[in-house]
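Colleague: this one's sequence-less:
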DNA sequence: CCTTGACCTTCCATTTGCTGGAACCCCTAT
DNA sequence: ATAGGGGTTCCAGCAAATGGAAGGTCAAGG
């Protein structure tokens, strides 16, 4: 299977697949003409990567998860630990974004949004808050 | 005022301040010895940038906001438009993260997390979903 | 006067995860 | 033979800093 087909099957752009090979996440074979030859297992791994990246796992996380994925004797606890760590990061990020969202929407509500120059958004940004 | 003091007052690392000068967000004066000399207005801008970045505005957004901040005759509508656009992006990001959070926490709940190899997390990642 | 240490300077490399483009090879169909 | 649609490599660059090397400056203390 050529890279184009692998791309269709995994949902990853060809460029990204080449990049993943570059950084050693996959190791497709090569045809006589130099074209990459993807086996089923390669496509499977690519789909795995696509999923894991979509869930926000970092490349390094993916590398670890792939290793566990391939290790028949891994314990599910190892995987769960990685996933939980990542879930924690996601939750932190959500909380941060929610803070931003709240502050920003208050500011937007307070701003007339007309032709006049007075703007609570800029006023507020101009006045540095006290940091704890 | 030297960069160290400007850093303390604005809450930005010195490295970041130099970087902001590099990309033209601020233009501090220079002392005879080559040290950057920050005026009150520079520190003020830095604090502004610090705030805006903390709210997740991109550097380019910051550049625009700064220009508006300095323009006495801007209309608040211009600022509001940028802020609203950004708020939309934040909300999208929150929604995305929430999807991840939900999927991931379901998977984590389903995973025994013991010494056995069977792991719903890896199983699920291995099976590519149908994309719409 | 000299040294020590805290500052400051510039410049270059690295990070993360790709993405774009140039220049070139390969295969099939017309 | 040539046009197209694959494929290949390598090099550059994006955001937004951060880290480190190599060196200049300044004030204080011995």
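Modeller: Now that the structure is in, tell me what you want to look at. Note that the structure is a prediction, hence the values are computed from the model and not measured. Numbers count the residues shown, from 1 in each chain, chains lettered A, B, ... in the order given.

Colleague: which non-adjacent residue is nearest the residue most central in space within chain A?
Modeller: With distances taken as C-alpha atoms, centre = their mean, residue A:56 lies nearest the centre of chain A, 3.4 Å away. Excluding the flanking residues, the one nearest residue A:56 by C-beta to C-beta, 6 or more residues apart in numbering or on different chains is residue B:100, at 5.1 Å. The way it works is simple: take the backbone N, C-alpha and C, and place the C-beta from them, glycine included.

Colleague: what's the spacing between the one you found and DNA strand D?
Modeller: 21 Å (C-beta to the nearest atom of the strand, to the nearest Å).

Colleague: is it fair to say that residue lies in a helix?
Modeller: Yes. With DSSP: H, G, I helix; E, B strand; the rest coil as the criterion, residue B:100 is part of a helix.

Colleague: rewinding a little: model confidence for the residue nearest to the centre of chain A, exactly?
Modeller: Model confidence at residue A:56, given as pLDDT, is 87.

Colleague: contacting residues around the residue of chain A positioned farthest from its centre?
Modeller: When distances to the mean C-alpha position of chain A are computed (C-alpha atoms, centre = their mean), the maximum falls on residue A:116, with 41.6 Å. Listed by C-beta atoms under 8 Å, 6 or more residues apart in numbering or on different chains, the contact set of residue A:116 reads B:75, B:76.

Colleague: Assign a three-state SS to it, would you?
Modeller: Going by three-state DSSP: residue A:116 is coil.

Colleague: how close does it get to residue B:76?
Modeller: For residue A:116, the distance to residue B:76 (C-beta to C-beta, to the nearest Å) stands at 6 Å.

Colleague: Contact partners for whichever residue of chain A sits closest to DNA strand D?
Modeller: Using C-beta to the nearest atom of the strand, the closest approach of chain A to DNA strand D is made by residue A:4 at 2.5 Å. Contacts were defined as C-beta under 8 Å, 6+ apart; by that measure residue A:4 touches residue A:14.

Colleague: Can you tell me the element it falls in?
Modeller: helix A:3-10 (DSSP states H and E).

Colleague: How is chain A partitioned into domains?
Modeller: Using automatic domain parsing, the domains assigned to chain A come out as A:1-74, A:90-132.
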